[in-house]
Each structure stands twice: as C-alpha cells, then as structure tokens.
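Visitor: Requesting a structural model of the entry that follows:
(2 chains, ligands or ions: 4)
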Amino acid sequence: MGLIKFLKEKFSKKKEEKELTKQENNISEVNEQNDSKLEENNNIKKEEDLNKLNDNKNSDFDLKKYDKGLEKSRKSFADKLKSLSKKYKKVNQEYFDNLEEVLIEADVGVKLTLDVIQELLEKSKKEKLEDPEEINELLIDILFLKYVKENEDKNLELKFGSKNPTICLIVGVNGVGKTTSIAKLAYRYIKQNKKVLIVAADTFRAAAVDQLEIWAKRINCDIVTGLNNQDPASVLYKGLEKAKNENYDLVIIDTAGRLQNKVNLMNELSKMSKVINKLSPDSIKETLLIIDATTGQNGVLQAKSFYEATGLTGIIITKMDGTSKGGIILSIRDELGIPVRFIGLGEKIDDLELFDLEKYLYSLCINKD
Amino acid sequence: MAFENLTEKFQRIFKKLTGQGTLSERNMQEMLDEIKVALLEADVNYKVVKDFLNDVKQKAIGQEVLTKVNPSQMITKIVYDEIVELLGSNKTEINYNKNKPTIIMLVGLQGSGKTTTAAKLAYLMKNKLNKKVMFAACDIYRPAAVEQLKVLAKQINVPVIHEEGLSAVDIAKKAKEVVYNEHYDVLIIDTAGRLQIDEALMNELNQIKKEVNPDETLLLVDAMAGQNASEVASTFNEKVALTGVIMSKLDGDTKGGAALSVAKLTGLYIKFVGTGEKISDLDIFYPDRMASRILGMGDVVSFVEKVKDTIDEREAKKQAMRALKGQFTLDDMLKQLKQIQKLGSLGGVLSMLPGMPKINDEQKQRVENEMKNFEIIMDSMTLEERAYPEILKNSRKVRIAKGCGKTAADINRMLKYYDQAKMMMKQFKNKGGFGGFGGFGGKFPPNFGGR
Ligand SMILES: Nc1nc2c(ncn2[C@@H]2O[C@H](COP(=O)(O)OP(=O)(O)OP(=O)(O)O)[C@@H](O)[C@H]2O)c(=O)[nH]1
Ligand SMILES: Nc1nc2c(ncn2[C@@H]2O[C@H](COP(=O)(O)OP(=O)(O)OP(=O)(O)O)[C@@H](O)[C@H]2O)c(=O)[nH]1
Ligand SMILES: [Mg+2]
Ligand SMILES: [Mg+2]
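Guide: Numbering: from 1, shown residues only, chains lettered A, B, ... in the order given. Ligands and ions are numbered 1, 2, ... in the order given. Coordinates of the predicted model:
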C-alpha cells in the first residue's frame, strides 16, 4: 500500500472520533485527484487552457498537503500502531520476524534490515519492552535516528543564493520520472515567484524534448531546447548563458535516462556537471537523483555511480502513489548519506511534496495487519 | 565483489558438509540461509523466497551425497535447476495467427518500457520475420507519448494509428478495423503506464481487451524492480489476464530477481528481455542465464574450481607485476590467452561471470575466433618480436602474415588489442582487481564488445 492510500485509510477510520486537521483533509484531496486522472488529463489535453491551470494553482496549491517537516510530533501517529500490535500481547520471535519481513518487503534491503532488527532486539531487551506497541515505536525511533543527521539543514527546499541562479541538474536511470519531476519542480518554484528556466538536455530519447515542451507550455515556463542527438552539453551551455543574461532564479536541467553501468553515458554526465561548474562557478548547484519507488536493491548502486559521476545533493523518490514503499532510500542514506528532498505522488503537476521522514517511516512500518 | 563473498561462504559451509552421508534439514540449513540472503539481495520477493526454499528443502532432503560432488554443489545445483524450471523455457515465442492479424497489447507500470518495447517488437517482426506491422497509440495521457511512438515508428517505417480526441478504447478499435481490412499481420497496442491499483485505468485495459480481443497481453517488468513486482504482476494478471511477461532494462547491473517472483506467482513466462535503448536491443529469454544472474554468483562455484585447476596463480601475478612496470609482452598476452582457452570455451566462461555487460552469442564467437587468430599469428613471430612488438614494421608484418596465412590487417588488430590489454592490466592492477585474468578479468577491450 502506498503512503497516500495508507494515510487515507487510517484517517478515514478515525474520522468520527477525531477532528480532521487541515493536513488530513488535503491528503484525501490528493487521493481523489488521483482517482480522477482520466478525466483531468483529458481536460488538459482537450482544452490546453493555460489560464485555467493558472487559476487552479492559486486556489489548490496554497494549501500545504504536508505540514511542517521533521519536527512534527511523532506521538500523533502512535495510536496508528495499535492495529498491528493488537494481535500480539507480548512480542516474541515471530513478531520480530514479522517486522523483518515488513522491512524487507519495503525494499529496505537485507543488511540494513538485519542491523535494525538486531538493534531493536538489544534495546528492547535492555529496556525490558514487551508491548508490541512500544516495540514498534522503538523501531521507528531507531530508523528515525539512523536517518537524521545533526548538522544537516532541515529545510529540504532547493537552495537559492542572493545573486546567481541556482542550477539544478536532474539525473537518474531510464523511466524513473526525471522529466515529470522537472515539470513539478519548475511549477513549485514558479508558484514561489521564482523565475524558472527549463533546459531540455535529453537529446537522445524519442520525443523527450516534446514531452518537456508540453509541460513547460502548461505551466508557462521558459524552456531551452536543442536538436535531436545534439551534444547535451551544448544545449546546457545555451541554457546557462540564457539564465545568466536574463536573470533567472532557477535553471532545471533534464538529462537522458542512463543505466549507471554505461561508462560512456556516465562520462557524458560528468562532463555536463563540469560545464556547470565552469560556466556558473558562483551558482548554487543542486544535483538531484531520481529514484523510482519500485526500485529494488539496485538503487544503492545507482546512487553510488551517479554520486561518483556528478555528486548529489539529494534524491527525489517518485511513484510513491503506488504500492511500493521505496525503502531503498533508507539503504542509500545509510550507505551514502544522501538525503531525500522530495517525493513524487502521481503524474500530475502538483504531485510533488517535500519529504517528511516521520510520515514516511510510519507508512513503511505499519501497513501490515 | 559480492559474489566472491558468497562463494567463500559457500566453500566454508561446504567443508563442513563433506563427509556427511546424506543431505538433511540440519546440515543444509546454513547453506539455505546463505541462498536466502542471496535471493533477497537479488530482489526476489520475501514470500517467494520462503516458499521456494521450502520446495528446495523437500527436494534435497534424503538425497545421497555423492562422493565426487560435494554437498554444496548438489544443493546449488538443485536450487539452480529449480529456478530454471520456474522461469520456464520453450514457451517464449509468440504464436502468430495464420489467417488473421495477431494482436499484441503491452501493459505495465509507468516508465517500465512499453513504448520502447513496442518498437523493438515491431522491428523484430518486420525485419526478421517479414511481418506487416501496425501500431495503435493508445496512451492518450502522458505528454508526448504518441509522439514518442511516432518517432520510433518512423525509424522502422511502421504506420501508427492515433486520433486526437478519441478514447484509448476507440483508438484500439479503429486500429483493429484497419489491420483486418488492410491485411496486416500484427497490431501492437501501446498503452499508458498505470498503477495496478488504479481502478479506472485498469478498467480501460479491460475494455480494450473486450473490444479487440488481443492474442497476447504482455506485462512489462523493469529488471530493477524490487519486492513489489510480485504484487504488481499478480494484480495485473488477475485484472487483465496476462499471457506473458517482457523484462526490460536487463542491460543494467541489476540481478533481476523480480523475474523469479513474477514467474512463481503468476506462472507466466518471460517471452523477451530488453537489453538496451536501441530498437534492436531485444533478446529472447534464457532461463539458465537468468538463474545464474539471480543467484548472483554466475556459475561461480564450478567456475572458481575450474579456474583454480588451470591457472597458476604465481604466473598470473608475475604477469601482472610486469604489466605494472610496463613490460607486458605479446608473450604474456599469449600465455593469458592459452590459460583462458584451457578454461574451456570462452563463451562459457564469460556467461559464468556475473555482472558481465551484455555480450551476445555472435559477439562471443567473434571474441573466440579472434583469440585463435592471435595465437596463430604469434606462432609465426620471433621471440624478440613477441617481447618488443613495437619493432613490428611493415616488412616484418608481411613476413609474419605470409608465415601464418593471415593478413596485415589481422596483425594490426592484434597489436591494437595488445595495447588495450596492456592498459587494462595496469588498470586492474591499480584497482586490485582480478589479477589472474589480466586483461580479461570480466572486461574486454572496447573493440571486442560493441556497445
Ligand atoms: N504514478 C506516478 N507516475 C509517475 C510519477 N512520476 C513520473 N511518473 C510517470 O512515470 C513515467 C516516466 O516518467 P518520465 O518523467 O518520462 O521519466 P524519465 O525519467 O524522464 O524517463 P526517461 O527520460 O525516458 O529516462 C511517466 O509515465 C510519468 O507520468 C509519480 O510520482 N507517480
Ligand atoms: N537501458 C535500457 N533502457 C530501456 C529499455 N527499455 C526501455 N528503456 C528506456 O526506459 C525509458 C522508459 O521507456 P518507455 O518505453 O518510454 O516506457 P513506457 O513504459 O512506455 O513509459 P510510460 O509510457 O511513461 O509509462 C526510456 O528512457 C527508454 O529508452 C531497456 O531494455 N534498456
Ligand atoms: Mg525524460
Ligand atoms: Mg509509453
């Protein structure tokens, strides 16, 4: 079960008992929007009515679907754990096995899962915890503490300097959602009154440029394109020049999908990264890796290779509206320290949120009954 | 390297097992635990792994441990055979209708490779099988999805049916009419990516099915998919009754355990695999290769043993040292070649190495032939020439070519290869890699592989 679906179900059960917070309201709203994908997309297609889209953005998108961030109290979720723990009065080996299965099936990976369960066993013994609820709470604590880093900036938004445009390079393997995420990001920052430029540097895949052009048009964003099979670095060059001359705040660069074991293609990406450093040395540079939530253990290798090729300042985990849990991001964080910045929750322009670790962990650990 | 660890672990466990008469639940457990981890790390679904290992246990218990084979080899073989069997074989071809068009519909999650694979299938059918092929572009949602298919279609000269404003169902219906009226052999329907929990869109697939009654409904599964692939495949199968699976993006370094999950849970066979972004990058599916890949050790157990017998480690080290100092000679290269040939056919050795980049049979054959050529050429060279290949000027080349019945171009190719092998020896030494194989440790110089 995906994050949203999980949250919706949990919340709808509680509806009568508890007043709905604004946040909850918005979450089910997202879900309803997902259900009407068919209709909505048709509308966009038929009408191509940009004004309407722009109007929508003012009403819909001021609402924050995810509240604060990491500081939010974990306790508010604590009672959601009850359902899992009801079955067990006392934890036993079977219960731990069950938790192990939950984590592995979320693609957290064998190594990290075993580490975490081991720690859980030791700590629960030490603290003499026997109540499954408390054990769950402890599990989430362990995962939480493993993830957070003291000196890290808690603000996950893209960084902006005072003078130069922020340059955001988007990388990842094939089909993970790079192009769509770029449209979503551009939209997010246009709404924050930034002047945004998209650079279509995937010159390789069929109709990749058309895809991005359509998005750019829908959200009224400027875009720089090149010719088919042109060197992507030259399109990039053109984009960076334009950004500098015309005072953009944010440049987002689309790149062709590539599997991390293709040396030539990874070199091509390094080259692009170097072009940015050279042409815009004073800019803040963000390099985001897109990871598809359905990805298994290969995700760690992806993160390693892309990190080596371009450096990474964060991850966007996409397709979290599906039934995959995207647990591989925890392994990536564990091994490489790369933080998740955003989460993709659908195919529409506003289906992008800041990553909320707590909500994520709760959805990861509590969907079993 | 991960597979080395696993192999080492296995060998340690094997030692304990030798000397025990039969396989029992107890003496197998450690071994099975290791296999469990290997399968999980390969992204085979947790529940599938559990069931699977139970089956294996049942098969193995009570089997006599033959004196010549160690028990671990027996278990590995049982596991391997079981995976191969599950993955199936001989069922991978598409059945074409004789008197009417064959209709193939591609379905799957977003970004799984449907559109690209539609083009690959068309290319295969048109160019290799001489079929008259048509596309129906039924992804009316994703920006430029239709354009993407059109661009690909143009490259292979296949017409696309699409009409702005029509629903996916109506486009499919219209395409069916056209292929029937105009006597096409094959219609390939590209559909939008969708989540298996998206009722509305799953329903759309069913409606298309009802209208056009496809002969094949194939699910695209991304080779990098994790644990959830099993649920995705089961649900797609329940809701739209699949007839097979295509696994995409196997050219990566993922183990592809999703293949096993999907096979075990749906009973469907993998009909093709995607091995790249190009239109020609479609391969038939080999269950045995996939089994090796999933187990993550290639055929490492037997591989390591073969290697041990045939390669004098000291000699290999000496070579590597010389290479490091830049003294890698043609002679050294010849020794390398001979060692590798002793290992049996090179193709076999290659396919045993996990994580090998895609090398098809034809390329393997080419590599082997080249090796033979080099050996023949070098047999006609003097010791001095082998030690200092730099001195090979035209006159010498002509002489050698005459002596061995090859051309100067053959000799030049060998020299080029020598240069690359030398570089690679250095690189491997620096990386502390597979010294024993020198230039061949899992990699071939670029002019052998193709990309
Ligand atoms: N359900 C869902 N689908 C998504 C999400 N993000 C992207 N997609 C879909 O995933 C598919 C691939 O997205 P793209 O943006 O084209 O992916 P890409 O990484 O640019 O692909 P390449 O450029 O071909 O490597 C499209 O069908 C998108 O609509 C998401 O968060 N949820
Ligand atoms: N390396 C590699 N890339 C592949 C393979 N098959 C597809 N791709 C790439 O994966 C990405 C997605 O492929 P598409 O064919 O657009 O996938 P799709 O399922 O049609 O995507 P949606 O229509 O958005 O759901 C593209 O970048 C393709 O080039 C493969 O076998 N190997
Ligand atoms: Mg793209
Ligand atoms: Mg498509």
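Visitor: so where's the chain shaky on pLDDT?
Guide: All of this refers to chain A. Flagging of chain A using pLDDT under 70 yields the residue ranges A:1-89, A:366-369.
Visitor: ah, I was thinking of chain B
Guide: Short version for chain B, where the test is pLDDT under 70: B:1-22, B:63-74, B:89-92, B:296-326, B:336-367, B:424-451.
Visitor: Any residues of it in contact with ligand 4? List them.
Guide: Taking CB under 5 Å from the ion as the test, the list of chain B residues beside ligand 4 reads B:114, B:115, B:145. Quick note: C-beta positions are derived from backbone N, CA and C, even for glycine.
Visitor: Now the buried members of those.
Guide: Using 16 or more other CB atoms under 10 Å in any protein chain shown as the burial test, the residues of chain B next to ligand 4 include B:114, B:115, B:145 as buried.
Visitor: Kindly reformat these as TSV containing distance to ligand 1 and secondary structure.
Guide: Below are these laid out as TSV (distance: CB to the nearest ligand atom, whole Å; DSSP: H, G, I helix; E, B strand; the rest coil):
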residue	distance to ligand 1	secondary structure
B:114	9	helix
B:115	9	helix
B:145	8	helix
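Visitor: Looking at these, which one is closest to residue A:98?
Guide: Each of those was checked against residue A:98 using CB to CB; the closest is residue B:114, at 36.0 Å.
Visitor: The closest one and residue B:104 touch, don't they?
Guide: No: under the criterion of CB atoms under 8 Å, residue B:114 makes no contact with residue B:104, lying 11.2 Å away.
Visitor: ok, now which ones touch residue B:256?
Guide: Taking CB atoms under 8 Å, 6 or more residues apart in numbering or on different chains, we find residue B:256 in contact with B:42, B:43, B:223, B:247, B:250, B:290, B:293, B:294.
Visitor: 7 Å instead, please
Guide: By CB atoms under 7 Å, 6 or more residues apart in numbering or on different chains, the residues touching residue B:256 are B:223, B:247, B:250, B:290, B:293, B:294.
Visitor: Confirm it sits in a helix?
Guide: No: the assignment for residue B:256, made by DSSP: H, G, I helix; E, B strand; the rest coil, is coil rather than a helix.
Visitor: any idea how far it lies from residue B:39?
Guide: Residue B:256 sits 12 Å away from residue B:39, taking CB to CB, to the nearest Å as the criterion.
Visitor: what sits in contact with each of these two?
Guide: Overlap of the contact sets of residue B:256 and residue B:39 (by CB under 7 Å, 6+ apart) consists of residue B:294.
Visitor: Of the contacts of residue B:256, which is the nearest to residue B:175?
Guide: Nearest member of the contacts of residue B:256 to residue B:175, counting by CB to CB, is residue B:247, at 25.9 Å.
Visitor: doesn't residue B:260 make contact with the closest one?
Guide: No: judged on CB atoms under 7 Å, residue B:247 makes no contact with residue B:260 at a distance of 10.9 Å.
Visitor: burial measure for residue 194, as a count.
Guide: If you meant another chain, say so; for now it's chain A. Under the neighbour criterion other CB atoms under 10 Å in any protein chain shown, residue A:194 is assigned a count of 17.
Visitor: if you could check chain B rather than the one you did, that'd help
Guide: Should you count by other CB under 10 Å, residue B:194 turns out to have 22 residues around it.
Visitor: Send me the strand or helix carrying residue B:83 as CSV with only the CA atoms.
Guide: Element membership of residue B:83 [criterion: DSSP states H and E] is helix B:71-87. The C-alpha atoms that make up helix B:71-87 are tabulated as CSV, following Å, rounded to 0.1, in the frame of the first residue of the first chain:
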residue,chain,number,x,y,z
PRO,B,71,27.0,-31.5,-1.0
SER,B,72,27.1,-27.8,-1.5
GLN,B,73,27.4,-28.3,-5.2
MET,B,74,24.4,-30.6,-5.0
ILE,B,75,22.3,-28.0,-3.3
THR,B,76,23.4,-25.3,-5.6
LYS,B,77,22.5,-27.4,-8.5
ILE,B,78,19.1,-28.2,-7.0
VAL,B,79,18.5,-24.5,-6.4
TYR,B,80,19.7,-23.6,-9.8
ASP,B,81,17.7,-26.2,-11.6
GLU,B,82,14.6,-25.2,-9.6
ILE,B,83,14.9,-21.6,-10.6
VAL,B,84,15.5,-22.6,-14.3
GLU,B,85,12.4,-24.7,-14.2
LEU,B,86,10.3,-22.0,-12.6
LEU,B,87,11.5,-19.5,-15.2
